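Peer 1: Make a model of this:
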Amino acid sequence: MSVSSLRRFRAAVAAAAVLTAALGVGTSVAHADTAPTTPAPTRFQEPRDLLRALDFDALAADGWTVTDDEEEAESAEASEVVELVAETTPAPLPAVTPEELTRIVPGIPAEKVEQFIAPLNDAMARSGIDNPVRQAAFIAQLAVESDSFRTFEEYASGRAYEGRADLGNTHPGDGERYKGRGAIQITGRHNYERVSEHIGVDFVAHPELLAAPENAFTTAAWYWTSRNLNEIADTAGIVRVSELVNGGHHALGRRIDEFERGLDVLLQP
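Peer 2: You can find the predicted model right below:
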């Protein structure tokens with residue numbers, strides 16, 4: 001007998017055991033005036049006991065065999081179930097939709113919305129930026145630093161950073177070479193070195209790559225997590241987040257406005 005037949009047999013045995021237990025076959029009929037009696041225990045009080053009692057090894061020795069065709073059929077059936085589950089499981093919703101991003105950052109160019117929404121959501125998902133407060137704070141900082149996602153490279157030349165040892169700019173030309181780039185405007189040789197180690201792209205030798213859209217959001221997320229800004233956003237608030245991103249209070253009013261608008265959008269039911 002095949003395995004599929006064996007399984008049907010086991011199911012039938014289990015069903016019979018369940019029926020026996022439910023209907024009280026082999027026990028006294030219930031009566032209102034009769035004291036209840038406890039039936040003598042048997043090995044098969046539970047369906048699983050009956051199944052345990054069956055010696056399937058002995059049955060196999062008597063001709064209950066597995067065929068290759070049946071194994072392949074069962075494997076194919078299992079694969080179909082897995083595929084069906086995969087097809088019917090909905091994909092997780094993005095943290096921010098294109099429409100929401102447009103409302104949070106009204107100045108974002110329309111053609112940039114579809115281009116940037118996927119890498120933005122991916123960067124947030126990978127970096128624990130997973131609640132409305134963190135998301136609104138993150139987007140607010142990026143919106144200010146990138147001029148509403150219009151540029152991923154600082155407009156100024158970077159000469160003002162020349163000789164800034166606190167930024168690691170100790171070589172001639174470092175100021176211009178390592179000026180602000182990326183969605184959050186990472187600045188200085190030291191930060192370029194650290195983000196290169198983390199991302200695996202040599203931004204020190206090729207600083208222009210930090211401004212590429214495929215790198216702009218992952219590097220911004222690196223900066224965010226390296227400063228523990230998720231926790232800061234949750235506890236200290238947007239002003240402290242802004243200080244740690246910008247180093248001061250530059251455009252603080254706009255950062256707060258962007259943050260509050262983001263919260264209004266993301267907290268709507």
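
Peer 1: And the contacts of stretch 132-141?
Peer 2: Residues outside stretch 132-141 that contact it (Cβ atoms under 8 Å, 6 or more residues apart in numbering) are 95-96, 101, 104-105, 120, 124, 128-129, 184, 220, 224, 229-230, 233-234, 238, 241-242, 245, 255-256, 258-263, 265-267. For glycine as for every other residue, the C-beta is placed from the backbone atoms N, C-alpha and C.

Peer 1: now swap in stretch 257-269 and tell me
Peer 2: By Cβ under 8 Å, 6+ apart, the list of residues contacting stretch 257-269 from outside reads 96, 100, 103-105, 132-133, 135-137, 139-140, 143-144, 238.

Peer 1: which of the residues in that stretch are buried?
Peer 2: Within stretch 257-269, the residues that qualify as buried by neighbour count (16 or more other Cβ atoms under 10 Å) are Glu258, Phe259, Arg261, Gly262, Leu263, Val265, Leu266.

Peer 1: Then Leu209 would be within a helix, right?
Peer 2: Yes. Assignment of Leu209 by DSSP: H, G, I helix; E, B strand; the rest coil places it within a helix.

Peer 1: What about it, how many residues nearby?
Peer 2: By other Cβ atoms under 10 Å, 18 other residues sit near Leu209.

Peer 1: In this structure it contacts Asn215, no?
Peer 2: Yes. Between Leu209 and Asn215 there is a contact under Cβ atoms under 8 Å: 5.9 Å.

Peer 1: hey, what's in contact with both of these two?
Peer 2: When contacts are counted by Cβ under 8 Å, 6+ apart, Leu209 and Asn215 have Val201, Phe203 as shared neighbours.

Peer 1: wait, what's in contact with Ile129?
Peer 2: Shown in contact with Ile129 (Cβ under 8 Å, 6+ apart): Ala95, Ala123, Gln135, Phe138, Ala221, Trp224, Asn230.

Peer 1: circling back to that earlier point, from the contacts of stretch 132-141, which ones fall inside helices?
Peer 2: The helices, defined by DSSP state H, take in 101, 104, 120, 124, 220, 224, 229-230, 233-234, 238, 241-242, 245, 255-256, 258-263, 265-266 from the contacts of stretch 132-141.

Peer 1: Tally up the residues packed near the residue lying closest to Arg189 once chain neighbours are set aside, please.
Peer 2: Of all residues not flanking Arg189 in the chain, Gly168 sits nearest, at 3.9 Å (Cβ to Cβ, 6 or more residues apart in numbering). Neighbourhood size, Gly168 [other Cβ under 10 Å]: 17.
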